[in-house]
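In: Here is my input; please provide its structure:
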Amino acid sequence: MNAHADDRSRPAPVPDRPGDDDAGRGRRLGLDIGTVRIGVSLSDPDGILATPLETVQVDRSSGAWPGEEFGRVLELVEENFVVEVVVGLPVTLRSRRTASTRRAENYADRLRRHLDIPVRLVDERMSTMAASNAMHASGVNEKKGRSRIDQAAAVHILQGWLDARKAYLARTEASDNDL
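Out: Numbering: from 1, shown residues only. Alright, predicted model coming up:
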């Protein structure tokens, strides 16, 4: 039996959720990991709003994954004083694993080995579709706007995390005030 077929039948991992290990105030970096490009977004220091940062081209020349672009992602973390990295975890609508799921998990694992800050995996279902639809609605040509679509997908991923974090922190604060 094919190992990948067996892997696809297993449910995808449960994405991270905001919790007690919150990194506190500071910028978050969002990543939409693709085979050709990595969309990158960045939050403000208060963790309220995600904005597009850049699109990093994936270097496939060495055949290694990740390639030279990994260094650029590490530079972005350092240059922007990032306290947490949020990586989109692509799973199917039925919560199944794919090659893209494994690629994102491997990328996040490698980031964890190189960084001393939290690296989160968050559900990114529909992020690229939402970004593509928004770009199309605003009149951006899909072919010319691919790098912007990747950034918009990264914004969608990071903004979802920021919103969930804000809701978690509000619930925590409310329950602390009830004591």
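In: Give me the most central residue, the protein.
Out: Geometric centre of the chain, nearest residue: V87, 2.6 Å, by C-alpha atoms, centre = their mean.
In: Sheet partners, orientation included, of the helix or strand it falls within?
Out: Element membership for V87 (DSSP states H and E) is strand 82-89. Strands that pair with strand 82-89, judged by DSSP bridges, come out as strand 27-33 (parallel), strand 119-123 (parallel).
In: Which of those strands comes out lowest on mean pLDDT?
Out: Sorting the strands paired with strand 82-89 by mean pLDDT places strand 119-123 lowest, at a mean of 92.
In: Just the CA atoms of that strand, as PDB, please.
Out: Extracted C-alpha coordinates of strand 119-123, given in PDB (Å, rounded to 0.1, in the frame of the first residue of the first chain):
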ATOM      1  CA  VAL A 119       5.400  28.900  15.500                       C
ATOM      2  CA  ARG A 120       1.700  28.100  15.100                       C
ATOM      3  CA  LEU A 121      -0.100  26.000  12.500                       C
ATOM      4  CA  VAL A 122      -3.600  27.400  11.800                       C
ATOM      5  CA  ASP A 123      -6.400  26.200   9.500                       C
END
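In: before we move on, the earlier item: V77 is nearest to which of the strands paired with strand 82-89?
Out: strand 27-33 (5.9 Å; C-beta to C-beta). Where you see a C-beta, it was placed from the backbone N, CA and C, and this is true even at glycine.
In: so after that closest one, what's the next helix or strand?
Out: strand 37-43.
In: partner strands of that following strand, parallel or antiparallel?
Out: strand 27-33 (antiparallel), strand 50-57 (antiparallel).
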